[in-house]
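Asks: Mind folding the following:
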Amino acid sequence: MTDDAPSSTNDDTPQPVADSLPDDLAEVFPAYAEIADPDLRVGVRDAYAVALAETDWTDLDAVPWLPDEQARLGLPDETNVRHVNDVAALATALADALLARRPDSGLDRDLVVAGALLHDISKLYEFGPGDADAFDGDEGPDGDEATVDGRYGTEYYDLLGHPYVGVHVCEAAGLSVELSHVVLSHTGRTAVEPATLEAEIVKRADEVAAATIRARALEDLRDT
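Replies: Okay, the predicted model is just below:
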């Protein structure tokens, strides 16, 4: 199986492949090239293909990090790709340090990398094109009205919240429940706590990466 060929959840249901998705996902997410398992590499790429096929996004680089928080902090230039790459770099560095010091830990490095790359894939569903620039608090993209605090988001953001739809994407791409767990448990917005070392690493990496963004605008992170 090659990275160019989509996999499927079963023999009868091939995954959609978005035309805008690069053949080599490492062009967007450099850590993708570090996944050793070829089937897992294909699965991660399939997950992004599913998300692009099911949403209005055509450019991964255009997906915002968190529009309402960006508006509050005055950081319109932050993107989800940049954040995901931060998380992947932090998570893999931590995984490598632990594997060097504790080689008997049983830590699955591939799962850490894949989890970091997919942890925020639900944002493709939670926000629509234009949200990152819609900071005026009047009317959102496609005529959607902003909430009282100027926040924009789709019905996924309003009714499901972050990051539940990410589990759907992992399932649609035929990825493991262990990877879905990393995605679901990486944030305090769900009641699911990390049950595995891989999930804990991605959660901590995400927290530090998010704090680094907020530190651009805040002198004291306790003001978050």
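
Asks: remind me, longest helix of the chain?
Replies: With secondary structure taken from DSSP state H, the chain has its longest helix at helix 80-101.

Asks: Can you dump the C-alpha atoms of the next helix or strand after it in CSV for me?
Replies: Moving toward the C-terminus from helix 80-101, the next helix or strand (DSSP states H and E) is helix 109-118. The C-alpha trace of helix 109-118 is given here as CSV (Å, rounded to 0.1, in the frame of the first residue of the first chain):
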residue,chain,number,x,y,z
ARG,A,109,6.0,6.6,18.8
ASP,A,110,3.9,6.3,15.7
LEU,A,111,0.7,6.6,17.7
VAL,A,112,2.1,9.8,19.3
VAL,A,113,2.9,11.3,15.9
ALA,A,114,-0.4,10.3,14.3
GLY,A,115,-2.3,11.5,17.4
ALA,A,116,-0.6,14.9,17.3
LEU,A,117,-1.3,15.3,13.6
LEU,A,118,-5.0,14.4,14.0
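
Asks: follow-up on the earlier one: which residues does the longest helix of the chain contact?
Replies: With contact meaning CB atoms under 8 Å, 6 or more residues apart in numbering, helix 80-101 is reached by 28-31, 34, 60-61, 63-65, 105, 107, 109, 112-113, 115-117, 119-120, 123, 197-198, 201-202, 204-206, 208-210, 212-213. Where you see a C-beta, it was placed from the backbone N, CA and C, and this is true even at glycine.

Asks: Which among the residues you listed count as buried?
Replies: 28-29, 31, 34, 60, 63-65, 107, 109, 112-113, 115-117, 119-120, 123, 197-198, 201-202, 204-206, 209-210, 213 (16 or more other CB atoms under 10 Å).
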